[in-house]
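>>> could you work out the structure for the sequence below:
(one chain, ligands or ions: 1)
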Amino acid sequence: MTAELIDGKAFAEAVRHRVRDRVAALHAQTGQAPGLAVVLVGHDAASEVYVRSKGKQAVQAGMKSFTHCLPVDTPEDELLGLIRRLNDDPLVHGILVQLPLPAHLDARQVINTISPAKDVDGFHTSNVGMVGTGQDAIVPCTPLGCMMMLRHYHDDFRGKTALVIGHSNIVGKPMARLLLNADCTVMVAHKSSTNIPELARLADILVVAAGVPGLVKADWIKPGATVIDVGINRIPAPELGEGKHRLVGDVDFESARQVAGAITPVPGGVGPMTIACLLANTLSAFCHLHDLSVDPLLLDEQDPT
Ligand code: NAD
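Okay, the predicted model is just below:
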């Protein structure tokens, strides 16, 4: 069997298209556009790339983009003050603080200062708790994108078994909660788990977010399973030239695709969906803040295609 490739770029384009159309319609209706504020502290090279891309894609979707770049030694009070001003700014509907933050800043305190209604990353404790209890809330972008792609292959999760490898607050835990909310039977493994290959072989749905290149081998995968590889790892690629690197996931893609039913590539799988879902969350936040109906597709983690 050769797995079907899950084309994250095509899924992301479907989400962006839907968001663009809805933003244009809302603009015609209300004269207003959703505004996304992104806050970056310091000069982490990867974060700068992500922040630029988020701003650019927000503008392409017809939104307003506000980027705040602060020095690496910004005192916490100053950062919290900026967040409070953004909370009160009627032109801003979504606020995102790019992680990781410099070590002197308390990330939990910073995230929890964002108004939950504008927390488009879905990391505020209030949103985490609401998602955990199956209530409508802002869902973290990466797991939201994974669910949208999974919906294309599983319109009913009941009776399906899933394994999520990785239990971070931004990917693994919310991913497991969303699958559980959809009545999947969910297992979660992490770096202290001892029997991951056996658990993986039970899984109809395997989501891997460990940050370990090639962790999942073909013989871990149940034949026909849907495999979502969230991992993004930069590894040396001398075959491309001296000092060159390439991106790989957490799944040994070439062998895994011989066993899986469907699989996301890296790059081109989960990655493109994350920013598309950030736009979807910003649109949903705008609708909630203006008491407008929210596109149910974007709320219910539906297949966007
Ligand atoms: P993290 O470091 O916060 O968490 C890693 C998780 O994996 C932990 O729960 C840890 O216990 C587990 N783990 C580590 N080694 C393991 C092993 N050998 N076996 C089993 N579990 C193991 O990472 P994160 O922020 O959740 O990100 C995970 C990966 O996903 C990274 O490669 C990251 O770059 C990528 N990522 C991609 C996107 C995207 O948009 N595609 C978004 C977020 C993260």
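
>>> now stretch 168-187: buried residues?
Using 16 or more other CB atoms under 10 Å as the test for burial, stretch 168-187 gives 170-182, 184-187. Every residue, glycine included, has its C-beta placed from N, CA and C.

>>> now swap in stretch 245-252 and tell me
Judged by neighbour count using 16+ other CB under 10 Å, the buried positions of stretch 245-252 are 248-252.

>>> contacts for it, please.
Counting contacts by CB atoms under 8 Å, 6 or more residues apart in numbering, the residues outside stretch 245-252 that touch it are 165, 208-218, 227, 229-237, 240, 263-267, 269.

>>> how does it look with 6 Å?
Contacts of stretch 245-252 from elsewhere in the structure, counted by CB atoms under 6 Å, 6 or more residues apart in numbering, are 208, 210, 212-217, 229, 231-237, 266-267.

>>> among these, which are within reach of the ligand?
Near the ligand, taking CB under 6 Å from any ligand atom as the test, the members of these found are 210, 212, 215, 231-233.

>>> on that earlier part again, among the buried residues of stretch 168-187, which are in strands?
With strands identified by DSSP state E, the entries of these that belong to them are 185-187.

>>> may I see the buried residues of stretch 149-162?
Of the residues in stretch 149-162, those scored as buried under the neighbour-count criterion (16+ other CB under 10 Å) are 149-152, 154, 157, 160-162.

>>> next one: stretch 269-283 to chain centre, how far?
With CA atoms, centre = their mean, to the nearest Å as the basis, stretch 269-283 stands 6 Å off its chain's centre.

>>> what sits closest to D229 if chain neighbours are left out?
G249 (3.6 Å; CB to CB, 6 or more residues apart in numbering).

>>> that neighbour and the ligand, how far apart?
Counting by CB to the nearest ligand atom, to the nearest Å, the separation of G249 from the ligand is 8 Å.

>>> how about T282, nearest residue that isn't a chain neighbour?
Using CB to CB, 6+ apart and skipping the chain neighbours, the partner closest in space to T282 is G94 (3.7 Å).

>>> give me the next element, helix or strand, following whatever helix or strand R246 lives in.
If you go by DSSP states H and E, R246 is part of strand 245-248. Downstream of strand 245-248, the first helix or strand assigned by DSSP H and E is helix 253-256.

>>> can you list contacts of that next one?
Counting by CB under 6 Å, 6+ apart, the neighbours of helix 253-256 from elsewhere in the structure are 218, 221.

>>> direction included, what does the strand holding R246 pair up with?
Strand pairing for strand 245-248, determined by DSSP bridges: strand 233-236 (antiparallel).

>>> which parts of the stretch 201-305 of the chain are strands?
205-208, 226-229, 233-236, 245-248, 262-263 (DSSP state E, counting those that start in this stretch).
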